[in-house]
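Trainee: would you be able to build a 3D model of this:
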Amino acid sequence: KEGSTIGGLMDTVGTLTSIALQYGVPLESLVKKFAYQRFEPSGFTKNPDIRHATSITDYVFRWLACQFIKGYKEATSPNRAQPDLPLKEIGEIEKKAVNRPVTDLAHTADKQVLDVITSRSSNDPGAAGQSGNGNGHDDRVMVALGSIFMGITCSVCGSDKVIRAGACGVCTECGTSQGCS
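Mentor: Predicted coordinates:
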């Protein structure tokens, strides 16, 4: 008897993987087949190169790929950095750009939100003492502020900090697009 169900299954997967590699099946093929398989248990890991695993099988095969497939770790790690691309015309482009200090942009955005929050429409009861259902002001505030987070979980890192970006969602933790094709 092999012990627990999960222990027996993991031993079987390990043995099958070993035999497949011994018989010449490329590791890339195994990784392509078994990485990102989704089933429980899943969750966050302590490995900085694999922040979130969608299953134990996903974690094992992505770990193998990071260790033994050249370039896989760099291509898939959430810690990868965007290389600096040389741009000869950058000085000229910067001179032509209309620059506004970030503090001005933040002040402008805050002022626009405050204007919507503090202004009252003519059908608002507080504007001219008229009666109404009182929802006009609240509706405008919700439109102005919107929903910061979409309420979905990132499929790559598992973060719930996915914000709306047009028709898509973007994870603020790892930058992955959600809901776009």
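Trainee: worst-scoring helix or strand of this structure, pLDDT-wise?
Mentor: helix 125-128 (a mean of 49; mean pLDDT, DSSP states H and E).
Trainee: shouldn't Thr57 be within a helix?
Mentor: Yes. Thr57: assigned to a helix according to DSSP: H, G, I helix; E, B strand; the rest coil.
Trainee: wait, it sits on Val31?
Mentor: No. Using CB atoms under 8 Å as the test, Thr57 is too far from Val31 to be in contact (10.8 Å). Bear in mind the C-beta positions are built from the backbone N, C-alpha and C, glycine included.
Trainee: could you export the helix or strand hosting Leu16 as CSV, CA atoms only?
Mentor: Assessed by DSSP states H and E, Leu16 sits inside helix 5-22. The C-alpha trace of helix 5-22 is given here as CSV (Å, rounded to 0.1, in the frame of the first residue of the first chain):
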residue,chain,number,x,y,z
THR,A,5,-4.4,8.8,-2.2
ILE,A,6,-2.6,12.0,-3.1
GLY,A,7,0.8,10.5,-2.1
GLY,A,8,0.1,7.4,-4.3
LEU,A,9,-1.0,9.6,-7.3
MET,A,10,2.1,11.9,-7.0
ASP,A,11,4.4,8.8,-6.8
THR,A,12,2.7,7.5,-10.0
VAL,A,13,3.1,10.8,-11.8
GLY,A,14,6.7,11.0,-10.8
THR,A,15,7.4,7.4,-12.0
LEU,A,16,5.5,8.0,-15.3
THR,A,17,7.5,11.3,-15.9
SER,A,18,10.8,9.5,-15.2
ILE,A,19,10.0,6.7,-17.6
ALA,A,20,8.8,9.1,-20.3
LEU,A,21,12.0,11.1,-20.0
GLN,A,22,14.1,7.9,-20.1
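Trainee: so which bits of it are buried?
Mentor: Under the neighbour-count criterion of 16 or more other CB atoms under 10 Å, helix 5-22 has Thr17 buried.
Trainee: for that helix, enumerate the helices and strands it packs against.
Mentor: Here helix 5-22 touches helix 27-34, helix 56-68, going by 3 or more CB pairs under 8 Å, 6 or more residues apart in numbering; DSSP states H and E.
Trainee: and the contacts of it?
Mentor: 2, 27, 30, 56-57, 60, 64 (CB atoms under 8 Å, 6 or more residues apart in numbering).
Trainee: just the buried members of the residues you listed?
Mentor: For the contacts of helix 5-22, buried by 16+ other CB under 10 Å: 27, 30, 56-57, 60, 64.
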